[in-house]
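Asker: When you get a sec, could you give me coordinates for this:
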Amino acid sequence: MNNKVKKDENTKQYFTKTILISTVIILTSCFFLVELVVGHITRSNALVADSFHIFGDMLSLVVGLVAVRISKRKTSKKNTFGWTRAEVLGSLVNCVLLQALCFTIVIESVTRFLEPEPIDKVDLLLSVGGARLTLNIITLSLFSLYKYKERKNKTKKDLNMNLQSVFLNAIGDSLGSVAVIVSGLIIKFAPPKDVLDV
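Answerer: Next up is the predicted model:
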């Protein structure tokens with residue numbers, strides 16, 4: 001009977017993780033398109049860079065979802081422990097994706113610093129930055145709720161490493177959104193307007 005209860009709990013956790021990550025993927029995908037289009041309309045490097053960062057987040061969420069699904073596979077003669085460590089591998093792939101994305105954003109920022117362009121429609125830039133921050137807060141709230149429920153049932157070392165990496169990624173995104181808003185406010189209210197969009 002005890003094994004059945006544990007199996008039911010694991011199945012419930014699997015579906016909760018899957019629904020959570022799928023919801024965040026859908027929200028992130030929609031916002032990626034919005035931010036990319038508005039970034040090109042306003043000619044804001046910060047917004048375009050943030051949209052590609054969102055695309056990287058979307059990829060890392062997909063990797064996380066695939067890792068959750070693979071980890072549910074059963075044991076075999078070849079894989080005696082099953083695929084439970086696939087989520088750890090997923091968090092490694094997420095870290096590599098983020099490092100590559102950071103490198104491309106740094107290169108684009110240096111280029112933009114050397115050849116600045118004026119920013120159009122700063123109010124649109126600010127509203128998209130605010131909406132992105134709101135999306136990040138919603139994402140953080142969803143993951144915090146899941147982490148709280150998971151922490152009640154497990155010890156600290158048993159917590160899901162894959163979801164922790166996604167959670168930390170969302171914290172980094174929130175800081176990026178704050179940077180977009182701050183640079184937009186500075187561009188709007190104080191010169192020099194071109195250099196701050198780096």
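Asker: so what's residue 134 up against?
Answerer: Under the criterion of Cβ atoms under 8 Å, 6 or more residues apart in numbering, residue 134 has no contact partners. For the C-beta atoms, the positions are set from N, CA and C on the backbone; glycine is no exception.
Asker: That one: which element?
Answerer: Taking DSSP states H and E as the criterion, the element that holds residue 134 is helix 122-153.
Asker: residues of the helix or strand containing residue 99 that come out buried?
Answerer: Secondary structure assigned from DSSP H and E places residue 99 in helix 86-114. Using 16 or more other Cβ atoms under 10 Å as the burial criterion, the residues of helix 86-114 that qualify are 86, 87, 89, 90, 91, 93, 94, 97, 98, 101, 105, 112.
Asker: And those residues, which is closest to residue 172?
Answerer: Within the set of the buried residues of helix 86-114, residue 98 lies nearest residue 172; the separation is 7.8 Å, counting by Cβ to Cβ.
Asker: Quick one: residues contacting that closest one.
Answerer: Going by Cβ under 8 Å, 6+ apart, residue 98 touches 56, 60, 169, 172.
Asker: if I look at residue 36, how far off is residue 74?
Answerer: Using Cβ to Cβ, to the nearest Å, residue 36 is found at 41 Å from residue 74.
Asker: Pick out the residue closest to the middle of this structure.
Answerer: Within the chain, one residue has its C-alpha closest to the average C-alpha position: by Cα atoms, centre = their mean, that is residue 57, at 3.8 Å.
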